[in-house]
Each structure stands twice: as C-alpha cells, then as structure tokens.
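S.K.: Fold the following.
(2 chains)
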Protein chains: 2
Amino acid sequence: MNLPLILITNDDGIHAPGLRHLIKLMNTIGKVVVVAPDSPQSAQSHAITINKPFRCKKVKIDNGKQLEFSCSGTPVDCIKLALSKILDRKPDLCVSGINHGSNASINVIYSGTMGAAIEASIHNIPSIGFSLLDHDMNAAFSHTDNYILSIANKLLSSKLNRCLNVNFPKYNLESDIKGIKVAHQSKGKWIEEFDERLDPSGNKYFWLTGKFINEDESEQADQNILDKNFVSIVPIRHDLTYFDQINDIENIFNE
Amino acid sequence: MNLPLILITNDDGIHAPGLRHLIKLMNTIGKVVVVAPDSPQSAQSHAITINKPFRCKKVKIDNGKQLEFSCSGTPVDCIKLALSKILDRKPDLCVSGINHGSNASINVIYSGTMGAAIEASIHNIPSIGFSLLDHDMNAAFSHTDNYILSIANKLLSSKLNRCLNVNFPKYNLESDIKGIKVAHQSKGKWIEEFDERLDPSGNKYFWLTGKFINEDESEQADQNILDKNFVSIVPIRHDLTYFDQINDIENIFNE
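M.R.: I've put the predicted structure just below:
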C-alpha cells in the first residue's frame, strides 16, 4: 500500500515543539514533507508575501524520516510554495500546527495555522489545523496523540475534501479529555487593551493586548465544548459570502 | 442633524490615491477619521501585529476636514487602535479602500482592505470595502463616485449591521457602468507561478506571482458580474463555520 503524502506546516515556526510533535505523529501514518516558516508567524492569518521576495531551504532538524524545508514567508506562502515548487504531486492531506494557543471562536480568523489549512482547502486538499489551548512553549501534548492520529486517519479514509479546525483542551492531570464534538465557531471577539509606552527618545508606541469575550451560550459552540474538556472540530468554509443576507442586501440596493 | 462618524482605512497605505479619493467622498456625508497604514500592506488579510510594537501618529496630508492618523501596523491593527484609542465613540460606518486592484472572488481572503472591513464587522460596525479592478496607482476613480456615495448612504440609512465587499469595473471610456448587482463570491483560485532568481551571492530566492482562475459559471458570481461591467456587492460573513458540512463531519467522527 502506498503511504499517503502529508504536507505539514504551522505558524509558530519550524522549531516549535508543537510542530515537532505533529511531525512525529504523522511519520507513523504517511510520507511527510514539512514546509514551515523559519520564524514565528502567529496571527498572520491568510497573509501572503507580495512586496518582497522570500527564501526557502532544505533543512535537517532531527532524525525523523520527514523531508523539511524552512521558508522566510508566511504559513500561506509555505503552502503555495510547497504545492508549486516542492511537492511532485498533490498531497493527500495537509496538517497545520500543533498551534501553541487556542484557535477556537474568532481566533480562527487571525490564525496563521488556520490560514495555511484554509489555503490547502482552496486547492482542494483535505486539511486540518490542530491547536492546543496552552500558549506555553513547553506545553504537554501527549494527551492529544490518539485524537490527532484518529482524526487524521478518519479524514484520509473518508476521501472527503474538508477543512477542519480542531482545538484541544489544555493538559489536565486530574481529568482526561471526554471525547470529540463537532462544533460551530463560537460567537465572540477580542476587546483590545493597548499597552501604551514611551521609547528612550520619548516617542509613544503600542503593544496590542486584549481580552477574549465569548458571546455564545450554545452547547454546540466550540469554546463551550472546550470548556467542558472535549476536543472541538469545526468544519471551515473559505467562501466568505453571507448567503442568508443576500435578500436583505438586494432589498437595500436594488430599489 | 448630527453627521455620521465614518472611520476610513485601506491597505495600500495612507498616501494611496484610492484612499485620498475615498476621503474626499466621505467628507461630503460624514465626520471622517482616517487611521491607515504608513506603508503598503496589500495581501495582509486579517493579520495583526503581536510580536512587535507599533506606532501611530496624527498627520495632516491635505486640506480636507478629516482627522488623520498614520500607523505602522496592518489594516486590522488600524481598526483595533481606532476603536480602542482614537475614537471617542463607535463609528456609524467603516469604509476601507478604494483598493487599487480587485478583491472579487478568492481575493477577498487575502485582502488587507477586506480584513479591515471584516474586523469592523466583528465589532458590530457596518462596513464596506471598496475595490477597483485596476492596479494602476494613477487609475481613474471618478466613475465610482456616485455609486460609492449611494452605497454608503443606503447602508447608513438601513441601520443594518452588514459587511459588504464592493468591486468596481475598471474605467472604460466607451461604456458606462451598467448598475449594481448583489452577488456571491465566485469560486476561483490563484495558480502560483513562482519566479525563481539568484541573488548576487548565488543564493536562490522567490517572487510570488500567479494566475487567477475563475471556476464559477453562475450569473450571480461577483467575477462574472464585473466582467459584464456591473458593480458587484457581496455580503461577507466572519463566522467561518461550514454549517452545511456539520452532519457530514459528525458522521465521520462520531461513530
């Protein structure tokens, strides 16, 4: 049997423990090619590099059997370059992550991890973004292993072309993950709290910080599922049309 | 009567002719505050600046009555900073553009212009991204004036909280725009063609280029409407959940 070809990327950079963990898992089920950013690209969303050139080189980071390429661009650039210049055929699956931090609720729209998974789906490649609700670079990932392998295998066997946003609860010594639930994106937003400072020359600068507000009470909302210690899976759409509003908008503009 | 408060940004930067044109138009219908990037931020999508600080200063660029702020961040950063630190109340409308280049079809997902409009909609502010199918920095914009004013006024009067992706055909001396049509995002994608070069030291680098493929034959697809010389308006959704796939996904994962 031919092993499936699996393309891996992330937004925390090619040395991030979450990516290294995901590579080890994927090596057990497929032929793995990694094309990942050479530096952190968190919150790069679906950005691409068009005003400057970028670089990509083959690298060897550990003893795994994967092929690896380190790229100066964004996560979406990595997918585009992999498909156009690195891989000799379309991959069977693209996985992105494991992200150090949540991509539940509105976070999906800012996420470079999910930007890459969505880009793969635009090219009709089944894709999954995996994220852990723990920002710590030394976070424990082992509680996600069986779920990640099962989700990747099931999507591969289904032969369906889907883009999934998968989030995992933080490791909890006292309680195991309770299972998987299919979810929708929680209604929510970040309320910004800019940290205003003065540089040594007395000029003002800002750091973006903020507080996440979950505005969704539905049991099927990903944030609420995660709060109950389940894994959340949200299918993601790259057609941004708000179809339910088309009639409304026609009433306003086609008078 | 109190004038509506209108927040303006773009992704081509605060000096771009498209933005300057939009400011002049909005000055005739509202109290305008501009918070725009100090440099080009095309294709920055919904990216935000979290790994470095950013700066923002009050500027005076022309003799218009608008207030203006130039910011080192992305278009989405500009919206966040405007809402959190610059404006003393929530704006009645946010407009972004006029973008030099199309944001029809899949372009919407890469667009910094639309990233800003979508960010405003996350904060429940009616918003419109305006784009012209002409990349030229000296492009003619005057054929869009009446449409832009009418669309902005109608959205304001409707009191509806909508996010609109509005694209205009390129100026054509021989044929006027035929009218407005409400549309959905055309199915389509970019096929990358990386331009591979060697730097003076003999090291490889890439420029991202590509060709857009319209895969949609529907008369209601924005790309096809534009090709017939109509203005396209697509309502945009920031909840990325693919609701129609939830049952499918449940069948795969909840066995």
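S.K.: Show me where chain A has its helices.
M.R.: Assigned by DSSP state H, chain A shows helices spanning A:17-27, A:75-81, A:107-110, A:112-122, A:145-158, A:222-227, A:246-253.
S.K.: So for the first one, what gets flagged as buried?
M.R.: What it means is helix A:17-27. By 16 or more other Cβ atoms under 10 Å in any protein chain shown, the buried positions in helix A:17-27 come out as A:Gly18, A:Leu19, A:Arg20, A:His21, A:Leu22, A:Ile23, A:Leu25, A:Met26, A:Asn27. C-betas here are computed from N, CA, C, even on glycine.
S.K.: which other residues reach it?
M.R.: Here helix A:17-27 makes contact (Cβ atoms under 8 Å, 6 or more residues apart in numbering or on different chains) with A:6, A:8-10, A:12-13, A:32, A:34, A:36, A:61-62, A:64-66, A:95, A:97-100, A:130, A:132, A:137-139, A:141, A:145, A:148-149, A:152.
S.K.: Could you do the last one as well?
M.R.: Surrounding helix A:246-253, the residues in contact under the criterion Cβ under 8 Å, 6+ apart are B:Ile151, B:Lys154, B:Leu155, B:Ser158, B:Leu160, B:Arg162, B:Leu164, B:Ile180, B:Val182, B:His184, B:Ile233, B:Pro235.
S.K.: CA atoms only for it - export them in PDB, please.
M.R.: Backbone C-alpha positions of helix A:246-253 (Å, rounded to 0.1, in the frame of the first residue of the first chain) are rendered in PDB as follows:
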ATOM      1  CA  ILE A 246     -28.300  38.300   0.000                       C
ATOM      2  CA  ASN A 247     -32.100  39.100   0.000                       C
ATOM      3  CA  ASP A 248     -31.600  41.800   2.600                       C
ATOM      4  CA  ILE A 249     -28.900  43.400   0.600                       C
ATOM      5  CA  GLU A 250     -30.900  43.200  -2.600                       C
ATOM      6  CA  ASN A 251     -33.800  45.000  -0.800                       C
ATOM      7  CA  ILE A 252     -31.400  47.800   0.200                       C
ATOM      8  CA  PHE A 253     -29.600  48.200  -3.100                       C
END
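S.K.: residues contacting A:Cys78?
M.R.: A:Thr9, A:Val35, A:Ala36, A:Pro37, A:Cys71, A:Ala116.
S.K.: about what we covered before: any chance of the buried residues of helix A:17-27 in JSON lines, plus distance to B:Leu208 and pLDDT?
M.R.: Output for the buried residues of helix A:17-27, formatted as JSON lines (distance: Cβ to Cβ, whole Å; pLDDT from 0 to 100):
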{"residue": "A:Gly18", "distance to B:Leu208": "26", "pLDDT": "98"}
{"residue": "A:Leu19", "distance to B:Leu208": "23", "pLDDT": "98"}
{"residue": "A:Arg20", "distance to B:Leu208": "27", "pLDDT": "98"}
{"residue": "A:His21", "distance to B:Leu208": "30", "pLDDT": "98"}
{"residue": "A:Leu22", "distance to B:Leu208": "25", "pLDDT": "98"}
{"residue": "A:Ile23", "distance to B:Leu208": "25", "pLDDT": "98"}
{"residue": "A:Leu25", "distance to B:Leu208": "30", "pLDDT": "98"}
{"residue": "A:Met26", "distance to B:Leu208": "26", "pLDDT": "98"}
{"residue": "A:Asn27", "distance to B:Leu208": "29", "pLDDT": "98"}
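S.K.: quick one on the thing from earlier: how about the contacts of helix A:246-253 in TSV, adding distance to chain A?
M.R.: Formatted as TSV, the contacts of helix A:246-253 follow (distance: Cβ to the nearest Cβ, whole Å):
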residue	distance to chain A
B:Ile151	7
B:Lys154	5
B:Leu155	7
B:Ser158	5
B:Leu160	7
B:Arg162	6
B:Leu164	7
B:Ile180	5
B:Val182	5
B:His184	4
B:Ile233	6
B:Pro235	4
